[in-house]
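Q: 3D model of this:
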Amino acid sequence: MSIFVLDSSVAVKWVLQEPGTAKALDLRSAILRQTHEVIAPDVFVSEVAHALTKAERQKIIPVGDAQMHLADVLRFAPVLHSFLPLIARAVEISSASRIAVTDCIFVALAEQEGCEMVTADERLMKNLPGYPIVLLETL
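A: I've put the predicted structure just below:
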């Protein structure tokens, strides 16, 4: 069984039709079959909620649907790890790379657990070469 740190950008594709949704649903199926296990820092929940309420504001989904979609994502939620033990390393990565600390918390968890972070964010991967990050589309 492979273990991945699940980026919120992937989980959001489970409930919103976006480029990469098919691959994200394939990953979710692999999680259900227990081919893959996913973990995430506990900021995952707020990041997914933020993306869904943003989709409401952008009229991608009707206002009020964010709550339903969040519940759907959380049915398949990764095992959550506290971000507090990861914050020092995340700040170090952020300072060196000029990437948002929140994104770096996910990377720090992947380093700590000796696994890869799966993301749909190509910019993140390009800006953090040498870190344990894999793009969703390559799975």
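Q: make it CA atoms for all contacts and neighbour counts henceforth
A: Will do.
Q: if you go through this structure in chain order, where are the helices?
A: 8-12, 21-32, 43-57, 65-75, 87-97, 101-113, 122-127 (DSSP state H).
Q: Ok, which of the ones you listed comes nearest Leu135?
A: Shortest distance between Leu135 and these, using CA to CA, is found for helix 122-127: 6.9 Å.
Q: Quick check: Arg57 touching Val63?
A: Yes. The criterion here is CA atoms under 8 Å, and Arg57 meets it with Val63 at 7.4 Å.
Q: between the two, which one's more packed in?
A: Neighbour totals were compared for Arg57 and Val63, and Val63 leads with 15 against 12 (other CA atoms under 10 Å).
Q: Can you list the buried residues in the lowest-mean-pLDDT helix or strand in the chain?
A: Lowest by mean pLDDT, DSSP states H and E among the helices and strands of the chain is helix 122-127, with a mean of 93. Judged by neighbour count using 16 or more other CA atoms under 10 Å, the buried positions of helix 122-127 are 124-125.
Q: so what does that helix touch, helix or strand wise?
A: The helices and strands touching helix 122-127, judged by 3 or more CA pairs under 8 Å, 6 or more residues apart in numbering; DSSP states H and E, are strand 133-135.
Q: which residues touch the strand it packs on?
A: Counting by CA atoms under 8 Å, 6 or more residues apart in numbering, the neighbours of strand 133-135 from elsewhere in the structure are 107, 116-122, 125.
Q: next one: stretch 21-38
A: Outside of stretch 21-38, the residues within contact range by CA under 8 Å, 6+ apart are 1-6, 10-11, 13-14, 76-79, 136-137, 139.
Q: For the residues you listed, which ChimeraX command selects only the ones that are buried?
A: Per 16+ other CA under 10 Å, the buried members of the contacts of stretch 21-38 correspond to this ChimeraX selection:
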select :3,4,5,6,10,11,13,14,77,78,136
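Q: Could you list which of the contacts of stretch 21-38 belong to strands?
A: 2-6, 79 (DSSP state E).
Q: Columns distance to Val45 and pLDDT on top of the residues you listed, output as CSV?
A: CSV is the format used below for those (distance: CA to CA, whole Å; pLDDT from 0 to 100):
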residue, distance to Val45, pLDDT
Ser2, 22, 93
Ile3, 19, 97
Phe4, 16, 98
Val5, 13, 98
Leu6, 11, 98
Val79, 11, 97
